[in-house]
Structure formats: structure tokens, C-alpha cells
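Following is a predicted model, sequence given first.
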Amino acid sequence: MQPTDLADPPQNPDSEKNSEKTEEKTPETTPPAVEDTAGTTEDAAPKTEDAAETPAAAAASVAETPGEVAEPVPGTPDDKPPGRVRQLLRSPWTARGLNVLAGVIIFVALLYPNVMRRLTLGNFARIPIEAAVGILLLVVLPRRPRIVAGTILGAGLGWLLIQKSLDMGWFKTLARPFDVVLDWELFDDTFNFIRDSYGAAGAYGAAAGGVLAAAGAVAVVIWAVLRLAALMSRHRRRAAFTATGIASAWMLTLALGVQLVPGVPIAARTSVTYAWDRAQQARTGIANEAAFAGEVKADPYADVPADRLLTALRGKDVIFTFVESYGRNAVEAPSLTAGTTAVLTDGDAKLKAAGFASRSGWLTSPTFGGNSWLAHSTLLSGLWINNQSRYRNLTASDRLTVTSAMRKAGWDTVSVMPGATRAWPEGSFYGYNRVWDSRNLEYQGPKFSWAQMPDQYTLKKFNEFEYAKPGRQPLMVEMPLISSHTPWAPIPEFMDWEKVGDGSVYNSIAAGGADRADIWTSAGKVRREYGKSIRYTLTTLIDWIAKYGDDNLVLVFLGDHQPSSVVTGDNASHDVPITIVAKDPAVLDRINTWNWTDGLKPATDAPVWPMNAFRDRFFAAYGPNGTNH
């Protein structure tokens with residue numbers, strides 16, 4: 001509605017004549033007015049909604065706008081002077097203010113963006129065509145259908161407001177919009193992350209606040225729509241003229257391509273376009289889920305005999321280590337590259353002195369900013385697992401993974417999951433013989449934010465429990481390292497391996513570390529602490545290889561995903577580094593055709609593969625038909 005609609009005189013000029021005639025003919029026993037849901041009063045007689053009231057009902061229908069309360073008729077039992085609060089609520093200025101507020105709410109809801117960087121005044125300097133359509137629809141409807149339609153429109157607009165807000169959060173953390181079909185399960189993981197990082201009170205408080213905010217947003221938008229609908233019903237002609245003016249201005253600015261802000265056309269169709277896109281997204285998601293069953297079964301290695309799987313790695317200990325949030329940004333961003341490059345350069349020298357060599361490239365992760373398990377399953381299964389539905393369907397299948405293939409071929413398969421705090425049933429799908437997690441790694445020290453224990457402790461215990469055991473089988477290990485997990489405060493310190501002990505040595509380090517609340521006051525501080533966490537984990541892992549790695553070690557370490565956009569900025573890639581380290585030259589000779597970069601740091605122009613391509617390339621390179629050329 002335009003401002004002029006919200007300040008109409010108390011009587012509708014279009015009904016003055018009719019009103020006078022009605023007053024002359026109406027007896028004193030005229031039926032009382034029926035109160036509108038939005039606070040207005042409408043005549044119960046089957047004439048027109050704009051008909052004037054009778055003198056007997058005048059006190060109940062004086063209010064011009066929804067929400068006004070009529071003054072009592074003198075001489076009646078209700079002739080008691082109202083208090084100040086009632087006077088304020090009955091004031092025409094209060095009613096008009098509420099009308100203006102309702103209009104602002106609808107206007108903002110129609111133009112509300114789903115990306116945070118667009119939340120600017122320029123984004124709201126636009127004309128929403130949906131306003132004209134909504135006005136025309138509500139003006140032509142009788143009272144009851146109008147209330148029903150207004151409630152439905154308000155609820156729909158309120159839901160779009162919620163989903164756009166979810167999109168903002170998803171874009172900031174996962175670099176993609178919220179999927180209304182597939183992403184509901186992620187709220188459970190979000191709750192667990194908040195609980196593990198900030199405590200149970202913070203998690204329940206955040207959950208309650210989110211539910212109340214969502215319900216409140218829908219209720220407020222419904223109220224605003226119904227209030228304006230009631231107002232327009234009493235000023236139908238002006239409302240129709242307003243809708244026509246909005247539509248005409250919209251078509252004119254669309255035809256001329258008018259923009260007050262570069263790249264933001266004044267003619268907006270934000271809500272209808274967004275709703276259509278989300279509907280298409282939901283349709284595509286359902287179709288992809290149905291097609292995934294066929295992808296799982298299309299496996300060229302499903303029937304390969306055990307004696308022909310990974311023959312070039314027989315006798316080797318093969319360890320897959322995911323470095324949390326280790327993305328291309330950590331290696332190439334101007335604010336981070338110097339520190340990370342220094343660690344990798346020193347690491348190259350240290351590993352070379354210990355007899356190791358390495359090759360590095362890039363993989364494109366299916367996820368961004370979080371949901372690490374999607375990357376783990378993508379690498380090990382050879383399928384693109386970019387949402388929870390695919391992950392759930394994958395782990396319910398019999399798909400051959402790197403882990404199950406190596407167990408089939410004779411390796412002892414082990415998972416080391418320092419971040420897991422409860423049973424992990426998916427371990428049986430992957431094919432692990434044993435799982436080590438926070439419940440049995442015997443850690444006696446403090447948590448470092450979300451991380452249950454420092455990476456150096458995890459590697460030390462893995463060495464004691466598995467790697468250094470005499471007379472064991474060759475190992476295949478998957479081990480996420482989690483000290484670089486958001487929120488990156490506090491961060492452990494690297495120390496002599498002999499000092500690690502049971503982890504209690506970390507108490508003073510955690511107590512003296514940076515505080516999360518202070519770190520997250522600026523993006524610069526977050527980036528600085530993120531860089532420190534990556535350097536800590538890389539330093540720890542490289543030193544473990546040099547100190548404990550033997551001739552049969554083949555270690556593959558890679559990032560699971562990029563950090564959230566507070567570190568990378570908008571529009572960052574999904575690329576993560578991947579490195580293979582080995583002491584036996586024949587292991588690296590097998591991947592000469594991959595054209596990876598020598599050393600721990602991949603060149604900017606090194607090959608980039610989708611992460612799901614790794615499994616089959618790995619099987620081919622180290623199978624009986626692999627080549628040294």
C-alpha cells in the first residue's frame with residue numbers, strides 16, 4: 001500500500017450518499033455490526049461491506065482502521081472514562097501507525113534477500129510486483145474468503161522469510177542455499193555442534209530461540225496481511241487504483257531497465273521467482289534421490305577378485321588422514337599463504353631428510369564449510385555425496401569402498417575418530433575392524449572448543465595402540481584430524497612427543513588460549529586463528545611421519561572442505577589439497593601420469609579432480625594393470 005492509502009479520511013467518500021439514504025430508512029433495531037478479525041467492524045446485513053452504520057451501532061463502528069476501538073455511547077453502562085493505555089490503543093494515530101507498520105512488514109518480506117551481502121537499503125529501493133497482485137486478489141474477495149486467502153498468503157510469505165534466512169546461514173557456512181527437502185537432518189548435527197562447542201544450555205537456548213523466531217515471523221506476517229486486507233476492504237476503489245499504479249510503475253521500470261543500484265533492477269519479482277526456484281530445487285532433489293540407487297550399483301570394481309585389488313600396495317600401511325577445513329584458501333589466500341607455505345616447505349625438508357617423498361594435487365570437495373562426513377564418504381566410495389540423503393542411502397547399500405576393498409584384500413582396517421562421542425554404526429558399512437574414538441582413546445585433558453582432543457595426542461595414541469604394535473598385519477586407517485575445526489579457539493601447541501602423556505599437560509594451554517567470544521568479533525581475528533590451527537595440524541602430522549614413519553608407510557592426507565566464508569570470503573572454490581607421502585619410490589612412480597606436483601604444496605595449476613574420481617583412479621594406479629609411466 002502507498003502512504004496515501006494509510007491516511008484516508010474517516011468516511012469513505014464513495015459511500016457518503018448511500019450512507020445518508022441508509023440512515024433515513026434504517027430503524028433503531030438494526031442488527032449489530034459483526035467484528036472483523038483484523039479489528040474492524042462490518043455490517044452483518046447482506047448489503048455491501050462499505051454500507052454506513054446506523055446511529056445505534058455508531059459507537060461500535062466509528063473506528064476507521066483495523067485495531068481501533070469505539071468510544072462508549074454516553075448514557076450507557078460502559079460510559080466509564082477509559083484509562084491512558086486504552087486511550088492510546090483507541091487513538092486513530094495508533095491505528096494508523098499499526099497500518100503503516102503492517103505495510104512496512106509486507107514490503108520488507110517481499111523484498112527480503114536470501115544472501116547476506118544483499119541485505120542493503122539499495123535492495124529495498126524496488127517495486128515488488130507481488131504487492132499489486134496481492135492487493136487485487138484481496139480486494140475482490142468477500143470477507144470470509146479474504147480472511148482465508150490472507151492467512152494463506154501471510155503464512156506463505158512468512159515461510160519464504162524463514163527459508164531466505166536459512167539460506168543466509170547456509171551460504172555463510174556451506175556456500176549453498178538451504179535444501180527444503182534434504183537438509184532437515186542437518187539441524188541435528190548443528191545442535192550437536194553447538195552443544196559440543198558451547199554447552200547444552202547454549203544448544204537448547206539456540207534451538208528454542210530458532211523455533212520461537214520462526215513461529216513469530218509467520219504470525220507477524222499473517223497479522224500484517226490481514227490488517228491491510230481489512231483496511232483495503234473499506235477502501236476498495238483506492239486499493240484498486242494503488243494496485244494499478246504499482247503494476248504500471250513496475251512494467252515501465254522493467255521495460256526501461258531502470259536501476260537505482262547497479263545490478264539491482266527496480267522492477268522486482270523476488271518472492272515469486274524465489275518460490276519457483278525453491279520448488280524446482282525440491283523437485284530436482286527428489287529426482288536425484290531416486291536416481292542415486294542406480295549410481296550405487298554402477299560399480300566397475302564390485303566384482304573384482306581380492307587378489308587383483310591394490311596389488312602394488314601389498315605389505316604397505318596405508319593411512320588416509322583428513323585435515324579438517326584444509327582448503328585451497330589455506331595455501332593460496334594472501335593472508336594465509338606465507339604461514340602455510342613456510343610449514344610445508346620446512347616439512348618437505350624434514351621428510352626428505354627422513355627418506356620420504358611426496359606428490360600433491362587438488363580435489364573438489366562435495367561440501368563447504370562443514371559436513372565433513374560427506375567428503376569422507378565421497379573419497380572412499382567413489383560417489384558424489386553432497387547431501388545427507390545420499391549419505392544415508394549410501395551407508396545402507398553394499399557399495400565397495402576403499403576400506404572394504406582393502407579389508408577384502410587382506411588389510412587390517414581401523415578407524416580413528418577423535419571427534420566421535422557416541423557409537424558410529426556407519427563404521428560397519430565402510431568395513432572397519434575396529435574404531436577408536438573419544439571414548440576409548442583415554443584422553444584426560446581439556447577440550448579445545450569442539451575438538452575432543454588435540455591432534456598430537458590422537459597421533460601419539462594411534463602410534464601406541466596400532467602402528468607400533470609388533471607382529472601386526474598391514475594397516476588401512478582412516479583418521480580425521482580435528483584441531484583445525486571451527487571455531488578455532490583455543491588452539492593446542494605442538495610439543496615434544498614424550499610430554500604428551502595422558503593429555504593433562506594441555507590444561508594450562510587451553511586455559512591460556514584465545515577465547516571464542518573474542519576471536520569471533522572480527523573476520524580478521526577468525527582468519528588469523530584459522531591459519532594457526534592449520535599450521536598446528538600440518539606441523540604435527542609432518543613431524544609424526546618423520547619421527548615414526550617406517551619404510552612401508554603410505555600416507556594420504558587431504559582437506560575435507562574449505563573453511564566457512566568468514567575465512568574464504570564469498571564465491572570461493574570447493575578445492576582442497578591432497579598429498580601422498582611414501583618412502584618407497586615405486587609408490588609415487590605409480591602416479592606419474594597424474595601430473596601432480598612434487599612436494600607437499602600443490603602448484604596452482606596442478607590437476608583438479610572431483611573428489612569422487614579419486615577411488616577409481618587410486619584402484620587403477622595401484623592395481624595389477626597400473627603403469628609406471
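Yep, that arrived. Quick caveat: nothing in here was measured; it's all calculated off a predicted structure.

Give me the below-cutoff pLDDT ranges for the stretch 1-150 of the chain.
Within the stretch 1-150 of the chain, the stretches with pLDDT under 70 are 1-82, 89.

what sits against the most centrally placed residue in the chain?
By C-alpha atoms, centre = their mean, the mean C-alpha position of the chain lies nearest to Trp170, the distance being 2.1 Å. Contact analysis of Trp170 by C-beta atoms under 8 Å, 6 or more residues apart in numbering lists 176-178, 183. Just so you know, the C-beta spots here come from the backbone N, C-alpha and C atoms, and that holds for glycine as well.

Looks to me like it is in a strand.
No: counting by DSSP: H, G, I helix; E, B strand; the rest coil, Trp170 falls outside a strand, being helix.

what's the spacing between it and Leu313?
Distance, Trp170 to Leu313, by C-beta to C-beta, to the nearest Å: 39 Å.

List the first helix or strand encountered after the longest helix along the chain toward the C-terminus.
Using DSSP state H, we find that the single longest helix of the chain is helix 200-234. As assigned by DSSP states H and E, the chain's next helix or strand after helix 200-234 is helix 236-256.

helix or strand right after that next one?
Sequence order places strand 259-261 as the next helix or strand after helix 236-256, per DSSP H and E.

follow-up on the earlier one: of the contacts of Trp170, which is the nearest to Tyr326?
Arg176 (19.9 Å; C-beta to C-beta).

hang on, the closest one in a helix?
No: read with three-state DSSP, Arg176 is coil and lies in no helix.

will you turn the contacts of Trp170 into TSV that also has neighbour count and distance to Ile286?
Listed next are the contacts of Trp170 as TSV, based on neighbours: other C-beta atoms under 10 Å; distance: C-beta to C-beta, whole Å:
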residue	neighbour count	distance to Ile286
Arg176	16	17
Pro177	20	16
Phe178	22	16
Asp183	19	13
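
can you tell me which of these lies nearest to Arg407?
Nearest to Arg407 among these: Asp183, at 32.6 Å, using C-beta to C-beta.

Please report the distance of the closest one from Thr395.
Applying C-beta to C-beta, the value for Asp183 to Thr395 is 18 Å.

ok, the nearest residue to Ser573 once chain neighbours are set aside - contacts?
The shortest distance from Ser573 to any non-neighbouring residue, by C-beta to C-beta, 6 or more residues apart in numbering, is to Arg328 (5.8 Å). Applying C-beta under 8 Å, 6+ apart, we find Arg328 in contact with 362, 562, 572-573, 575-577.

of those, the lowest pLDDT goes to which?
For the contacts of Arg328, the weakest pLDDT value sits at Ala572, with 91.

tell me which element that one is part of?
Per DSSP H and E: Ala572 is located in neither a helix nor a strand.

Dump the contacts of Trp170 into JSON lines; add pLDDT as well.
Below are these laid out as JSON lines (pLDDT from 0 to 100):
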{"residue": "Arg176", "pLDDT": "78"}
{"residue": "Pro177", "pLDDT": "82"}
{"residue": "Phe178", "pLDDT": "83"}
{"residue": "Asp183", "pLDDT": "73"}
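
from these, which is closest to Arg227?
Nearest to Arg227 out of the contacts of Trp170 is Phe178 (C-beta to C-beta; 29.4 Å).
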